[in-house]
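In: Give me coordinates for this.
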Amino acid sequence: MLVGRAFGWSLFAIIRTIVVEGKQTSRIMKTSIGTVTVAALLAMNLTASVLAQPTTNTDPRSHALAEATVSLPGLMGVAAFNPAGIGGDEGVLRMSTNVGNRFVFATQWGLLPDLRVAGPSADYSFGRAAVALQARLFHLGTFERRDEQNVPVGDEAAYYLANDVGASYELSPGLRLGAAFTILTNKTFFASHGVALSLGAQKGWRFETGSLFLEPSAGLSLTDFGPAVGYGVQAVGYGVQAVGAKEALETRVRGGGALTVRTKQEDFGGSVFVVRLAVGLTKDAKALADDRRYDTHPFRALFATWKPRSVWLNVNDPTDVKRVGAWGQLTKSVGMEAAVFEVVYLRFGKVMWPQYSSQDGYQTFGLGFDLRYIVIDYFRIADESAFLPGKSMWKVTGRIPLRRKVK
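Out: The predicted structure follows:
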């Protein structure tokens, strides 16, 4: 009940951000909904879905580690990329929200002043189990709505929203399984509603050597798996009815591992020094089976998209076609973080996009401050040559011990 109320208040905060602050900026945001939608989708960077769903990661720690976090437990918002990682300290309620200097409960994100992301979330661990609720919002702004005669009839907010409900369970020491159910809402130029399922597993080990603990871990997940969603055009704009087209969800297969090295000596409630190296591989399992742009059969796409495929690299040259195998279709990620007393964290990452991408990838930088009951995380794209350089994100997490003190 307490988790539900906390999540409800967080969701109320992002809705208020949409309605109130969106109206305040509508004067500079009123423009063609089609043009702004394209710009906003580009601003998502790693969000590939144009019609169906938001896939923007709202966790700055995961971003700072280049999203190589499929094997790491305890991240806020982890239900979106591996629900097996849901949970923190037992008996502790955790609540988090993105923050920014322009929007209190969101972070400005991309090309236009009113583009923003928000990810309020809450989780609670008890015994071997943990549960989580979260929302992932990508807000495009407030736009002028028109009727079928192209006459303005008022303003309306445009956004992508995913609501996740997830749980994890420790099946045996070090082995956790998890699942999450997602309700998707797209209220932009293309309107759609859908549901998705995410599944995951994590396994961790601990070894001792001299004055150090060695903690390797591995993770595997399948996210956003479900039926294709139908969509109509101009949900915000001219009121045209649904046309019956469908698009597959942005299903992804993630795998990876991590190695954490920490000192046995502790002070200030944590290890004196911790270093963590994480690697990850991500496969877009959406569509493109048999070289089709939209494949509405999720089971077939899940297996068929691993085949080598031909990719058209240059729209101005029909002969510029490249054959890309399964390895070339993977996004490769490497992240590293170092912590002193598990209080101050320094993070770096590198994302290498698939071979058919128009860019090589980008580098990330991040900071973290774990102040026992309050955690502050920050991330920034560090590579100035990357697409939309300088994007950054903040998140604040609060811990409320309900059974015992936080370690």
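
In: center of the protein - which residue?
Out: Taking Cα atoms, centre = their mean, the centroid of the chain lies closest to Asn57, which sits 1.9 Å from it.

In: in what helix or strand does it lie?
Out: Here Asn57 is covered by no helix or strand, with elements defined by DSSP states H and E.

In: unless I'm mixing things up, it is touching His63, no?
Out: Yes - if you go by Cβ atoms under 8 Å, Asn57 and His63 touch, sitting 5.9 Å apart. In short, each C-beta sits where N, CA and C put it, glycine included.

In: Now the phi/psi pair for the residue nearest to the centre of the chain, please.
Out: The phi/psi pair for Asn57 (degrees, to the nearest 10) reads phi -80, psi 130.

In: now swap in Ser271 and tell me
Out: Torsion angles, degrees, to the nearest 10, at Ser271: phi -60, psi 140.

In: Can you tell me the number of residues neighbouring it?
Out: 20 (other Cβ atoms under 10 Å).

In: Now do the same contact list for the residue nearest to it when sequence neighbours are not counted.
Out: Nearest non-adjacent residue to Ser271, counting by Cβ to Cβ, 6 or more residues apart in numbering: Arg262, 4.1 Å away. Each residue near Arg262 by Cβ atoms under 8 Å, 6 or more residues apart in numbering is listed here: Leu212, Phe213, Glu215, Ser271, Phe273, Val274, Val275.

In: my guess is the fourth one contacts Val343, does it?
Out: Translated: Ser271. No - between Ser271 and Val343 there is no contact, the gap being 10.4 Å when judged by Cβ under 8 Å.

In: Relative to Val272, how far out is the residue nearest to Ser271?
Out: Arg262 sits 8 Å away from Val272, going by Cβ to Cβ, to the nearest Å.

In: just Pro354 next, same as before
Out: 40 Å.

In: Which stretches in the stretch 201-350 of the chain count as strands?
Out: Listed in chain order, the strands of the stretch 201-350 of the chain (DSSP state E, counting those that start in this stretch) span 207-209, 212-225, 229-233, 242-247, 252-263, 266-267, 270-271, 273-284, 309-312, 321-324, 330-340, 344-352.

In: residue ranges with poor pLDDT in the stretch 51-200 of the chain?
Out: 51-55, 110-112, 146-147, 189-190 (pLDDT under 70).

In: all strands of the stretch 51-200 of the chain, in order?
Out: 92-99, 107-108, 116-118, 121-126, 129-146, 152-172, 175-187, 190-204.

In: so of those strands, which one's packed in deepest?
Out: Highest mean neighbour count among the strands of the stretch 51-200 of the chain (mean count of other Cβ atoms under 10 Å): strand 116-118, with a mean of 28.

In: Can you spell out which helices and strands pack onto that strand?
Out: strand 92-99, strand 107-108, strand 129-146 (3 or more Cβ pairs under 8 Å, 6 or more residues apart in numbering; DSSP states H and E).

In: Now do the residue lying farthest from the centre of the chain against Asp114, distance only.
Out: Distance from the centre of the chain peaks at Gln149, with 38.7 Å (Cα atoms, centre = their mean). Applying Cβ to Cβ, the value for Gln149 to Asp114 is 27 Å.

In: Same check on Lys203?
Out: Lys203 sits 43 Å away from Asp114, going by Cβ to Cβ.

In: swap in Gly210?
Out: In terms of Cβ to Cβ, Gly210 sits 54 Å off from Asp114.

In: what do you get for Leu175?
Out: Leu175 is 44 Å from Asp114, by Cβ to Cβ.

In: Repeat that for Phe348.
Out: Using Cβ to Cβ, one obtains 31 Å as the distance from Phe348 to Asp114.

In: List the contacts of Arg276.
Out: The neighbours of Arg276, taking Cβ under 8 Å, 6+ apart as the test, are Leu72, Ala258, Leu259, Thr260, Val261, Met336, Glu337, Ala338, Ala339.

In: before we move on, what about Phe81?
Out: Listed by Cβ under 8 Å, 6+ apart, the contact set of Phe81 reads Asn57, Ser62, Glu67, Thr69, Val70, Ser221, Thr223, Arg254.

In: swap the cut-off to 6 Å and go again
Out: Applying Cβ atoms under 6 Å, 6 or more residues apart in numbering to Phe81 gives the contacts Thr223.

In: likewise the one 5 residues further on?
Out: Contacts of Ile86 were listed using Cβ under 6 Å, 6+ apart, and they are Val78, Ala79, Asp123, Ala130, Ala132, Gly166, Ser168, Gly178.
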